[in-house]
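**Q** Just to be clear, the model below is a prediction. Sequence and coordinates:
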Amino acid sequence: MFSLKEIVKEISKVSKLSEDEVNQKIGEKQIELSGLVSPEGAAYIVGKELGVNLLKEPAKRRLKVKNVIPGMRSVDIAGRIVNISDKRDFERGGKTGSVVNITLGDDTGVVRLSLWNGEIELLKELDVKEGDVVKVTGGYVKEDNRGNSEIRLGRMGKLEKSDTQIPEIKDIGGDFDTVNVKNIRDLREGEYSKVRASLVQVYRRNPFFEVCPTCESRLGKEEDVWKCKDHGNVEPKYNLVLSGVIDDGSGNIRVVFFRDLAEKVFGKDTEELKKVASGDQLNVYENLHLGEEFIIRGRVKKNQFTERMEFIANEIESVDPKGEAEKLLRRIRGIKD
Ligand SMILES: [Zn+2]
């Protein structure tokens, strides 16, 4: 229901009469009806006579990208396609499938829309490409394993082209690389998160641990012989672990990198490091630069022994200031990668 003031405004807007003229017509209508109707009632009648539909639903407020959260159902959202990933094929439980990830953006940020299997055909059918505006209706939102929102169509969802006004790609909010980055201060136990932080300290201890070459489980030593509980005596394979502290200005947290992630931080693979370590294991830390900034995805866990929070990394990329600046410039100039 609208208030009288709102009705007058709406009639004035649609009929191009001034608000005074509308008020006058409402007064006349009341007199005409011998004062049997309220001013609101008379206003509705005037509106109807002037062809102003006052009974329409107020326009549904459109969902913005930054307000998309996991668990939402019947999601209607429009966005400009910022990026379409290559199709990725995978096998799960003997079945094969494919997925394409679409980055949708509006003035508040970007969010992922994933298309699975047959849904991927929609891109061709609708003839959509990067830069086009599309609309999802009846979708739902899942949380991916890093805690980010992912819109899916599911059985009820629809994808269509849309003429909704959305800023051009270069004006889309948010920095794509740092979308959903969390402050270390705000990390919570059990959460998958993404942080952008510098490695400010490393714990200089033996970075190698012995694993079974068959099952990769950690080995125990019995009388100088390495033993896997499933595979018996084995010649160990070495895996890497690197722990330290990351800091992003909001706070710091202990971080642990295993295997290939540790190799990335060291800038060498395990075999090379094993050579470097042949004299003294701690030699591996010689050329490690502290202060380098990374974007790290991982999970916050409580260390069983120290009871302190740790960030267990599962993805790391180096922040490349030059690359970032170039990317930003390209976006400002409206040139796409
Ligand atoms: Zn084993």
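**A** Happy to help now that I have it. This one's a predicted model, so the numbers in the text were calculated from it and none came from an experiment. Numbers count the residues shown, from 1 in each chain.

**Q** how far away is the residue positioned nearest the centre of the chain from the ion?
**A** Central residue of the chain (CA atoms, centre = their mean): Asn148, 4.2 Å from the mean position. Using CB to the ion, to the nearest Å, Asn148 is found at 35 Å from the ion. Quick note: C-beta positions are derived from backbone N, CA and C, even for glycine.

**Q** same question, Phe90
**A** 26 Å.

**Q** What's the local residue count around the closest residue in space to Asp144 that isn't next to it in sequence?
**A** Spatially, and ignoring its direct neighbours in sequence, Asp144 is nearest to Glu150 (4.9 Å; CB to CB, 6 or more residues apart in numbering). Applying other CB atoms under 10 Å, we find 18 residues neighbouring Glu150.

**Q** Please identify the helix or strand for Glu150.
**A** strand 149-152 (DSSP states H and E).

**Q** Going by contacts, tell me the helices and strands next to that strand.
**A** For strand 149-152, the packing partners by 3 or more CB pairs under 8 Å, 6 or more residues apart in numbering; DSSP states H and E come out as strand 109-116, strand 133-143.

**Q** which one of the ones you listed lies closest to the ion?
**A** Of all those, it is strand 133-143 that lies closest to the ion, at 33.5 Å by CB to the ion.

**Q** chain center to that closest one: distance?
**A** Put simply, strand 133-143 sits 14 Å off its chain's centre (CA atoms, centre = their mean, to the nearest Å).

**Q** Pull out the buried positions in it.
**A** 133-137, 139-141 (16 or more other CB atoms under 10 Å).

**Q** Sheet partners, orientation included, of that strand?
**A** strand 75-84 (antiparallel), strand 149-152 (antiparallel), strand 158-161 (antiparallel) (DSSP bridges).

**Q** Go through those and name the closest to Ser243.
**A** Taking CB to CB, strand 149-152 is the member of these nearest to Ser243, at 30.5 Å.

**Q** how about that closest one: buried residues?
**A** 149-152.

**Q** Please identify the helix or strand for Leu290.
**A** When elements are assigned from DSSP H and E, Leu290 belongs to no helix and no strand.

**Q** and it, how many neighbours?
**A** Leu290 has 12 neighbouring residues, counting by other CB under 10 Å.

**Q** Touching, it and Val200? I think so.
**A** Yes. Between Leu290 and Val200 there is a contact under CB atoms under 8 Å: 6.0 Å.

**Q** out of the buried residues of strand 133-143, which touch the ion?
**A** Among these, no residue lies close to the ion (CB under 5 Å from the ion).

**Q** Which two among the residues you listed are spaced furthest apart?
**A** The widest separation within the buried residues of strand 133-143 (CB to CB) is 20.9 Å, between Val133 and Tyr140.
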